[in-house]
Structure formats: structure tokens, C-alpha cells
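**Q** After the sequence you'll find the predicted model.
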Amino acid sequence: MKFIPTKIPDVIMIEPTVFGDHRGFFMETWQRKTSAENGIDYDFVQDNHSKSTQGILRGLHYQIEQTQGKLVRVVEGSVYDVAVDLRKSSPTFGESVGLELSAENKKMLWVPPGFAHGFYVMSETAEFVYKCTDYYAPEHERSLLWNDEKLKIDWPLVNGENPILSDKDAVAPALANAETFA
Ligand SMILES: Cc1cn([C@H]2C[C@H](O)[C@@H](COP(=O)(O)OP(=O)(O)O[C@H]3O[C@@H](C)C(=O)[C@@H](O)[C@H]3O)O2)c(=O)[nH]c1=O
């Protein structure tokens, strides 16, 4: 398993070692010891799985208390995955990391606490799986506007069409009006 810091070093891309043979493949997707040695020293308490169709954008989400770190990956299809730094004290506040995660490339992304997270579905359908370091807490959940110009996120929109959003994500505040972290 390779742990590769991104341009925001706390956001880490993980490339699993894939063992292919005549039966298919095997890979480890998380291991406490190697994760801790590579800066992901957290206990995970919840695993989630969602399925979406092409053009869906889920995000950008975060919790202001019970802040969640998320270890995310795709088990079917492909998405463009984004993490936005919402830590005011960070030199990369407001900046983001975006990359394609797919069932084919098997990459994973570590999104630390203090970041908003979202993804856009590029394939016909995509199944998204992730581990969280704290429990879902709807009262603390916040959404950040996916296309806030200040964020400068280059979403790879299929046919240039606007994504399909949940009602809450469609009315999310821009960064200037969003709750952030110290
Ligand atoms: C996230 C979540 C949702 N739910 C419920 C609430 C709601 O009825 C239904 C769908 O919830 P949402 O619309 O918030 O689902 P979704 O838009 O997929 O939310 C997720 O988006 C991605 C980008 C993230 O980073 C996640 O942390 C999470 O916020 O599932 C849970 O029961 N537990 C959970 O952990």
C-alpha cells in the first residue's frame, strides 16, 4: 500500500497493492498499523455505502462537531472526488484536492477532519464506500456550495450539464458564509 501526500499534505492518496491471479484480485483496503505509520492514526466508527447515477453530485459535506475524517473509495464506476480545506489556520484554507477514484484505479483518498468532502459521478452508476472517524450527526452536518467560484473546483461535468443535487446541497452557502474550523 502506497501513501502519497497530495498538494494539501494532510490529504493522502492511497494506492493499494493489488494481487491479481486467475481467480480475480485481492487487496487490503485498510490496515491500522500502516495507516497510523503514514499519518492516518484514527479509530473508525462507521462505514457507509452509497450508489448514485451519472451526473449526481453529493456534497460538499462536513460536520462542525463530531468532525469526521473519511477514508473513501469507489467499488463500482468512477467519480471525481474533492476535499476542501476548511481550517482557517491552514495555509491552504479554501483550497482543494480533486482526483478521479474508480473501481478500476482502486485509489483511495484520506479526507481528514476539518475538510468538506464531495464527489461527482462520471460513470453510468457509481458505488461509493467510506469509513468515518466519528458518527453521523445530522444536527452538526453542513453543506458548502459545490460551485462557489472562490473554491475554483474544476468539476469534470458530463456534457457540461449542471449536476443533480439534493435539496439541501442546492441551497448550500458559499465559503464566505459557511461555518469553518479554527
Ligand atoms: C451520511 C448519512 C446519511 N444518513 C441518512 C440521512 C438521509 O436520510 C439519507 C441520505 O443522506 P445524505 O443526503 O446526507 O447522503 P449523502 O449526500 O450521500 O451524504 C454523504 O455525502 C458525502 C459526500 C459525504 O462526504 C458523507 O459524509 C455524507 O455527507 O441517509 C444516515 O442515516 N447516516 C449517515 O451517515
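**A** Noted; the coordinates are in hand.
**Q** how far away is residue 44 from residue 152?
**A** Residue 44 sits 31 Å away from residue 152, going by Cβ to Cβ, to the nearest Å. Placement of C-beta: from N, CA and C, glycine included.
**Q** Quick one: mean pLDDT for the longest helix along the chain?
**A** Counting by DSSP state H, the longest helix found in the chain is helix 32-37. Per-residue pLDDT over helix 32-37 has a mean of 98.
**Q** Buried residues of it, list them for me.
**A** Going by neighbour count (16 or more other Cβ atoms under 10 Å), the buried part of helix 32-37 is residue 35.
**Q** do the same with stretch 36-49
**A** Buried, per 16+ other Cβ under 10 Å, within stretch 36-49: 38, 40, 42, 44.
**Q** Just the residues contacting that stretch, thanks.
**A** Contacts with stretch 36-49, where a contact means Cβ atoms under 8 Å, 6 or more residues apart in numbering, come from 3, 5, 10, 12, 30, 35, 69, 71, 110, 127-136.
**Q** check contacts around residue 140.
**A** 63, 64, 65, 66.
**Q** ok so, going back, using a markdown table, lay out the buried residues of stretch 36-49 together with secondary structure.
**A** Converted to a markdown table, the buried residues of stretch 36-49 look like this (DSSP: H, G, I helix; E, B strand; the rest coil):
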| residue | secondary structure |
| --- | --- |
| 38 | coil |
| 40 | coil |
| 42 | coil |
| 44 | coil |
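**Q** need the residues of this structure near the ligand, please.
**A** Proximity of the chain to the ligand, by Cβ under 6 Å from any ligand atom, involves residues 48, 50, 58, 59, 61, 70, 117, 118, 119, 136, 166.
**Q** Mind putting the residues you listed into TSV with secondary structure?
**A** Listed next are the residues of the chain next to the ligand as TSV, based on three-state DSSP:
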residue	secondary structure
48	strand
50	strand
58	strand
59	strand
61	strand
70	strand
117	strand
118	strand
119	strand
136	coil
166	coil
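**Q** picking up where we left off before, a markdown table for the buried residues of stretch 36-49, including distance to residue 162?
**A** Converted to a markdown table, the buried residues of stretch 36-49 look like this (distance: Cβ to Cβ, whole Å):
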| residue | distance to residue 162 |
| --- | --- |
| 38 | 37 |
| 40 | 34 |
| 42 | 35 |
| 44 | 34 |
